[in-house]
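Asks: Got a sequence here, can you model it:
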Amino acid sequence: MNQSPSYDDLASWDDLGPGAVEIEDPNDIKKVDPRPLPSDIVELDNSIAELEAQIAALKLKREHLLSQRALIARVPAEILCRIFELGVDGAIDLLPTINLVSRQWREIALSDSILWSYIVLDSSWGWRIPSFMRKMRAHLQRSKESKLYIELDLHTNDLDDAQNIMTELQPHLSRCYSLYVFAPDWPRARTVREYASELGPALECFYFSVDSSESDMEQPVCILSQPCPLLNYVMLEQAPLQSINIATPALRQLDLVRHHLCHSGQRIAYSFKELVALLTNSRLKWFNMRWGFLNVDTNEDAFRATPVVHELPDLKGLVFNVVDSASITLFLDTFSLPGLEGISVHSGDDIHWITRVALAPKQFPSLRLLDLRNFNLSGAGLAPFVRALYQLPQLTGLGLAQPSTGVIGSRFFDVLAAAPETAGEWLLPRLEALCLQSCADISGYELLQVVNARRGAADAQVANISFLKLSECYLVSSEAFDRLTTLVATVRLL
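Replies: A predicted model of the protein is given here:
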């Protein structure tokens, strides 16, 4: 979150990828002999099973002897604690395994309060709430004064269960640094809100999700009730901005998204007035909107003859994934983004927003990475796109993913390779990185054309292509790829 956008981020849309792999059925009648095994084969199988059991016993004895002289036994307890903490932070389910290895490891684990600071209620608990309550009480006791990571999926629990869980958690929420709440409806979200009065002083990360089928039916609720001076990351999933109706001076990343399992084509509406108020009162560095649009009232500043332009000096990265071009344009019209380094957009064929960026380059002086998805560069659509790129000579990285027609076409690469004698000036003269994803027509030879043209440029200000990434481009020629690897410093074929 604190790093700047990089070339690796281009053309890396995580919801694109190969389809599901078909798994063979081991009991397929076409591949299984239905006849019973002969007796001599059965005897051999029994002998093999006995020998394998003896081998397993010998291996276990060997492991026991080795464990008695293992070097890990000499590692100081404080170092083991740190190793355990790193392991559990990456995989919470590792803690029970650590406790079962040996008496020494269990004693070390019991003495380390950080290992017990993770409280996760997920769907695997189902109806076993009493068991979860016992485990939660043990974690709350053993975590002592350590900061808490709390994750609550309330989809399989009724209101009484949610109330009991929150009653146990309430006295400890003042030390919660990360809270994930997955609510199936607003009543259960309100239950969390009723018992979350202590939440806030230590909170750094807040993730709130409510089912899309319920998000527009009732009055939303704000889980947070007191100032959160350390809150730097917020993700709202199918939840309106009123869900964080508090001051967020430390906020650095805001994600407004729709649940990845939601199959509805409906986008989520966000109040533009509320968004402006939130962003202008934070030091935001990253903003991500997925499957949404901006809702504007006629009495807002956007309808004035000369709307006020707000500056977001710290914003480095913007992502608009399945957001209409009008909403993107409104956002870019409203904010001056002097620190913006990268923008990723999936808005369909309408690329009017990029024309808006090109017409006011002074509002985006630091912009260097442009990442596009589901665009159309065929026919007349290529001309306005190229004209806009001519106004953005500072770009050093360009990502193109999943064109709406399936192909990019050769004309764009012809323009990229065109010298001033042909085009008047170089298109994107500082371009160093070119990343492509899910483009059906890429063979590699069009990239060779661009790479060679720029390597041979007489103008010293024209940069060489030094980074190429091709993801899910299945027609890339092996010959072209080999030649590219000799000319370009970094070439990745994924």
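Asks: Do I have it right that residue 435 meets residue 10?
Replies: Yes. At 3.9 Å, residue 435 counts as touching residue 10 under the criterion of CB atoms under 8 Å. C-betas here are computed from N, CA, C, even on glycine.
Asks: for the protein, which spans come out with low pLDDT?
Replies: Using pLDDT under 70 as the threshold, the predicted model of the chain has low-confidence ranges 1-3, 15-31, 212-218, 260-265, 298-299, 458.
Asks: Regarding stretch 330-338, how distant is the last residue from the first?
Replies: Across stretch 330-338, the straight-line distance between its terminal residues is 17 Å, by CA to CA, to the nearest Å.
Asks: no, scratch that, I was asking about stretch 390-405
Replies: Using CA to CA, the span of stretch 390-405 from its first residue to its last is 24 Å.
Asks: thinking again about what came up before, the more surrounded of residue 435 and residue 10?
Replies: Set side by side, residue 435 and residue 10 show more neighbours around residue 10, with 27 against 24, by other CB atoms under 10 Å.
Asks: quick one, what contacts the closest residue to the more buried one other than its chain neighbours?
Replies: Nearest residue to residue 10 in three dimensions, chain neighbours excluded: residue 399, at 3.1 Å (CB to CB, 6 or more residues apart in numbering). Going by CB atoms under 8 Å, 6 or more residues apart in numbering, residue 399 touches 9-12, 344, 369-372, 435-437.
Asks: Residue 271 is in contact with residue 241, correct?
Replies: Yes. With contacts counted by CB under 8 Å, residue 241 reaches residue 271, the gap being 6.1 Å.
Asks: Between these two, tell me which one has more neighbours.
Replies: Ranked by neighbour count (other CB under 10 Å), residue 241 and residue 271 place residue 241 first, with 20 against 17.
Asks: hang on, isn't residue 269 packed against residue 296?
Replies: No. With contact defined as CB under 8 Å, residue 269 and residue 296 do not form a contacting pair (10.0 Å).
Asks: Same drill for these two, tell me which one is more crowded.
Replies: Between residue 269 and residue 296, residue 296 has the larger neighbour count (other CB under 10 Å), namely 16 against 13.
Asks: residues contacting the more buried one?
Replies: Taking CB under 8 Å, 6+ apart as the criterion, residue 296 is in contact with 272-273, 302-303, 330.
Asks: Could you do residue 333 as well?
Replies: Applying CB under 8 Å, 6+ apart, we find residue 333 in contact with 302, 307, 309, 356.
Asks: Please convert these to TSV, extending it with distance to residue 133 and secondary structure.
Replies: Rendered in TSV, the data for the contacts of residue 333 read as follows (distance: CB to CB, whole Å; DSSP: H, G, I helix; E, B strand; the rest coil):
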residue	distance to residue 133	secondary structure
302	50	helix
307	53	coil
309	53	coil
356	54	helix
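Asks: Overlap of the contact sets of residue 435 and residue 10?
Replies: Common contacts of residue 435 and residue 10, defined by CB under 8 Å, 6+ apart, comprise 371, 397-399, 469.
Asks: quick check: longest strand of the protein.
Replies: Secondary structure assigned by DSSP state E gives strand 286-295 as the longest strand of the chain.
Asks: Keeping just the C-alphas, turn that strand into CSV.
Replies: Provided in CSV are the C-alpha atoms of strand 286-295 (Å, rounded to 0.1, in the frame of the first residue of the first chain):
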residue,chain,number,x,y,z
TRP,A,286,-4.9,4.6,-3.3
PHE,A,287,-8.5,4.6,-4.5
ASN,A,288,-10.2,1.6,-6.1
MET,A,289,-13.8,1.4,-7.3
ARG,A,290,-15.2,-1.8,-8.8
TRP,A,291,-18.7,-2.3,-10.3
GLY,A,292,-19.9,1.1,-9.3
PHE,A,293,-21.0,4.6,-10.5
LEU,A,294,-21.2,8.0,-9.0
ASN,A,295,-24.6,9.4,-8.0
